[in-house]
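Student: What follows is a predicted protein model with its sequence.
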Amino acid sequence: MLTEVTATRYVTPLREGGSLPGIVEADDLGTYVIKFTGAGQGRKTLVAEVVCGELARRLGLRMPELVTIQLDPVIGLSEPDQEVQELLKASGGLNLGMDYLPGSLGFDPLAYQVDAAEAGRVVWFDALINNVDRSWRNPNMLIWHGDLWLIDHGATMIWHHNWPGAAASAAKPYNASDHALAPFGPDIATAAADLAPLVTEELLTEVTALVPDEWLVDEPGFDSTDALRRAYVEPLLARAATIHERITLDAPTATPPSRAPGWLTDHVKPWPHPTKNRQDAENSQKDADR
């Protein structure tokens, strides 16, 4: 079960996301990015966030902690934005929270270097969950303390929007040509050898059990939440064994953005970055001259 907290203050909306997530403070003194049950994408987005986010964590990928957040709509009465007020009113009860990473930067593939091994693990994982939303246009990754962190898995497992066609949908290949990490020569074969054996029925059952029942009830075609959880397990289990054989990496479909300036790339590469190296060298030379 995910840790449950209660929102105590709504801080600000995050308008970069289509579902209008926000930042809240909670009774555990933590700060979280909250994703709302009342958002237009619906509760299936939150289910995907839990299943894929917790699966990523168990496969050794960096993923901010997820919690469930109890929200009283009255918390937003002082919010001046009518759109935000309506969203808060529609989201009373249990919502999803992701630990807020203060000082993190959005990943820029032109400004931050990723080695082939890590790139391969992320691309393989995104192929497994059929993540269509980690392209250079919208990477959905953060750099925090020099490390790469994955966020935003609401647009994954597209098959859960049409369960009768889930098996056929999950059997399709994955085109990683526009993936944000495609330029880094992802080592997919090694990633598959390392990660695929970890994706067992037991592991998938464990992560699907973390989804709150109230986000699963009344799904057409299923007579219980346990049956629906099983439906989430089966496509991922089948896909894990062979998806590496169906990943394509061709030229991007459109011209990528222009290259970032040197002053920026120096400051966002993994630590120790070049500027720090130069400063250290200069300081060492000054000490030697004294």
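Tutor: Now that the structure is in, tell me what you want to look at.

Student: partner strands of the longest strand seen in the chain, parallel or antiparallel?
Tutor: Using DSSP state E, we find that the single longest strand of the chain is strand 3-13. Partner strands and pairing direction for strand 3-13 (DSSP bridges) are strand 22-26 (antiparallel), strand 66-71 (parallel).

Student: Output the lowest mean pLDDT helix or strand found in this protein.
Tutor: In the chain, no helix or strand scores lower on mean pLDDT, DSSP states H and E than helix 262-268, which sits at a mean of 47.

Student: tell me, what residue is most central in this structure?
Tutor: Per CA atoms, centre = their mean, the C-alpha nearest to the average position across the chain is that of residue 151, at 2.4 Å.

Student: so how far is residue 121 from that residue?
Tutor: Residue 151 sits at a distance of 16 Å from residue 121 (criterion: CB to CB, to the nearest Å). C-beta: built from backbone N, CA, C; applies to glycine.

Student: sorry, back to before: can the strands paired with strand 3-13 go into CSV with extra columns for mean neighbour count and distance to residue 156?
Tutor: Shown next, in CSV, are those (neighbours: other CB atoms under 10 Å; distance: least, CB to CB, whole Å):
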stretch, mean neighbour count, distance to residue 156
strand 22-26, 21, 22
strand 66-71, 21, 14
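
Student: how about these in JSON lines, adding distance to residue 231 and mean pLDDT?
Tutor: Formatted as JSON lines, these follow (distance: least, CB to CB, whole Å; pLDDT from 0 to 100):
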{"stretch": "strand 22-26", "distance to residue 231": "31", "mean pLDDT": "96"}
{"stretch": "strand 66-71", "distance to residue 231": "21", "mean pLDDT": "98"}
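
Student: mean confidence score for the longest strand of the chain?
Tutor: Mean per-residue pLDDT for strand 3-13: 95.

Student: Please apply the same query to stretch 135-151.
Tutor: 95.

Student: got it, and stretch 175-195?
Tutor: Stretch 175-195 comes out with an average pLDDT of 97.

Student: Can you give me the buried ones in it?
Tutor: Residues of stretch 175-195 classed as buried by neighbour count (16 or more other CB atoms under 10 Å): 176, 178-182, 184, 186-188, 191-192, 194-195.

Student: Endpoints of that stretch, how far apart?
Tutor: This stretch, stretch 175-195, spans 19 Å end to end (CA to CA, to the nearest Å).
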